[in-house]
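S.K.: let me see the structure of the following:
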Amino acid sequence: MKTTLIIATILAILIGILSVISGSMVLLGLRSVDYRVLDWLVVYNVTLGIISILVAYQIGKQHIRSKLMIMTILLLHLLVLVYLYFFNDMVADESIKAMAFRVGIWVAILILVLLNHTKTLSNKIKS
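M.R.: As a prediction, the model looks like this:
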């Protein structure tokens, strides 16, 4: 597997695991925070964390639909970020920063996968 795909896979696994662990700890009451928690946002983060781990597997296997899955996760995170930033005045700054971080990671994952795709196409054309 190409280095770019390995990095993309690792990033997707890490962001997924971090989301599942931190969100589950809040949902189960094992971790308390000193800001208002939006329960729907924590459930969303845990759910997308699980999906991120599944997509990481697809990236590693070079599944044909992995790019579509990556773009879907990125779009969902962007929509939630816009909502949190512009339409919800009760949200904590930490939630906005965490969602912006997720968006940044998924942009990086998409770029890495697209770079690998471009290299693969150019290699096929040369041969």
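
S.K.: for M71, see how far away D39 is.
M.R.: Distance, D39 to M71, using Cβ to Cβ, to the nearest Å: 27 Å. Quick note: C-beta positions are derived from backbone N, CA and C, even for glycine.

S.K.: can you map out the helices along the chain?
M.R.: Secondary structure of the chain by DSSP state H: the helices cover 3-27, 39-60, 66-82, 93-126.

S.K.: which one of those has the lowest average pLDDT?
M.R.: Mean pLDDT is lowest for helix 93-126 among the helices of the chain, at a mean of 86.

S.K.: now it, how far from the centre of its chain.
M.R.: 10 Å (Cα atoms, centre = their mean, to the nearest Å).

S.K.: if I take that helix and helix 39-60, what angle do their directions form?
M.R.: With axes from the mean of the first three to the mean of the last three Cα atoms, to 10 degrees defining the directions, helix 93-126 sits at 20 degrees from helix 39-60.

S.K.: more neighbours: D39 and M71, which one.
M.R.: M71 (13 against 9; other Cβ atoms under 10 Å).

S.K.: quick one, what contacts the more buried one?
M.R.: Neighbouring residues of M71 by Cβ atoms under 8 Å, 6 or more residues apart in numbering: L110.

S.K.: now Y85: closest residue in space, sequence neighbours ignored.
M.R.: I96 (5.8 Å; Cβ to Cβ, 6 or more residues apart in numbering).

S.K.: ugh, wrong one, I meant I53
M.R.: Spatial nearest neighbour of I53, excluding adjacent residues (Cβ to Cβ, 6+ apart): G16 at 3.9 Å.

S.K.: check the gap between that neighbour and V91 for me.
M.R.: Taking Cβ to Cβ as the measure, G16 and V91 are separated by 22 Å.

S.K.: burial measure for T47, as a count.
M.R.: Residue crowding around T47 was assessed by other Cβ under 10 Å; the count is 14.

S.K.: who's in contact with it?
M.R.: So T47 contacts nothing (Cβ under 8 Å, 6+ apart).

S.K.: do the one 10 residues further on as well
M.R.: Listed by Cβ under 8 Å, 6+ apart, the contact set of Y57 reads T9.
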